[in-house]
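# Show me how the following folds:
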Amino acid sequence: MAVRIERVVTSGTFSLDGGTWDVDNNVWIVGDNESAAVIDPAHDAARVAQAVNGRTVTAVLLSHGHDDHIRHARDFADRVGAPVYLHPADQMLWEAVYPESRPDSDISDGQRFEIAGTELVALHTPGHSPGSVSFHAPALGTVFTGDTLFQGGPGATGRSFSDFPTIINSIRERLLTLPAETVVNTGHGDSTSIGAEAPHLQEWIDRGH
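Take a look at the predicted model:
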């Protein structure tokens, strides 16, 4: 069967720096009828496991370590028997949720994950957090950007461990260099495309200063 992309939207909270906000998160399932990888299984492990519907989950891929993205990742991974991957630069965010533990495996820049006959390539895109990663699926014409790039601009950089110039550089060097027709599947909100976002880079820079 052909590889397909499914989105599950879950609701919960995000907490950092003493504040808590209500958020809706996009959970992305990439696979076929037999196996899949799951990106950012947020808020509701049971619901995401139901969406997987018995398929073999080869990897739980975390775009970054903010608690809305990781708090239920271990529960989900245990339900489906899959390893959890996170970039090591976000270990301090992981430990805020899971003290004195580590994910099952690190993500490294350029690492390739084979999913049902296609590949996801990890692109280290720091700025929203030090270990933020986007996952590019060239054969699917898609990149999963977590909270690095949204429809309308970069992810937030006003909280701990984030940096605006860094996220702009990640977007400029790692994402806007992808083909214009590449679909951008985000951590929150609607999808967009590289071609739709690229013309606004200077506007984001000007607005961020």
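
# so what's the nearest residue to Pro88 once chain neighbours are set aside bridging to?
Sequence neighbours aside, Asp106 is the residue nearest to Pro88 in space, at 4.7 Å (criterion: C-beta to C-beta, 6 or more residues apart in numbering). Heads up, the C-betas are built off the backbone N, CA and C, glycines and all. Asp106 has these beta-bridge partners by DSSP bridges: Leu86.

# Return the residues in contact with Asp106.
By C-beta atoms under 8 Å, 6 or more residues apart in numbering, the contact set of Asp106 is 85-88.

# shaky segments in the chain?
Within the chain, the stretches with pLDDT under 70 are 1, 209.

# change it to 90
1, 100-101, 207-209 (pLDDT under 90).

# residue boundaries of the helices in it?
Using DSSP state H, the helices of the chain run over residues 45-52, 67-70, 73-80, 91-97, 164-170, 194-197, 201-208.

# name the helices or strands packed onto the first one?
Secondary structure elements in contact with helix 45-52, counted by 3 or more C-beta pairs under 8 Å, 6 or more residues apart in numbering; DSSP states H and E, are strand 4-16, strand 19-31, strand 35-39, helix 73-80.

# closest to Gly110 out of these?
Gly110 lies closest to strand 35-39 among those, at 16.8 Å (C-beta to C-beta).

# on contacts alone, who are the packing partners of the closest one?
Applying 3+ C-beta pairs under 8 Å, 6+ apart, we find strand 35-39 packed against strand 19-31, helix 45-52, strand 56-61, strand 112-115.

# wait, which of the helices and strands packed on helix 45-52 is closest to Asn185?
strand 19-31 (5.9 Å).

# and the closest one, what other elements does it pack with?
strand 4-16, strand 35-39, helix 45-52, helix 67-70, strand 183-186.

# quick one: it to strand 4-16, angle?
160 degrees (axes from the mean of the first three to the mean of the last three C-alpha atoms, to 10 degrees).

# If we go by neighbour counts, what in strand 19-31 is buried?
Within strand 19-31, the residues that count as buried by 16 or more other C-beta atoms under 10 Å are 23, 25-31.

# Can you lay out those as TSV showing distance to Ser11?
Shown next, in TSV, are these (distance: C-beta to C-beta, whole Å):
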residue	distance to Ser11
Val23	7
Asn25	8
Asn26	11
Val27	11
Trp28	16
Ile29	17
Val30	22
Gly31	24
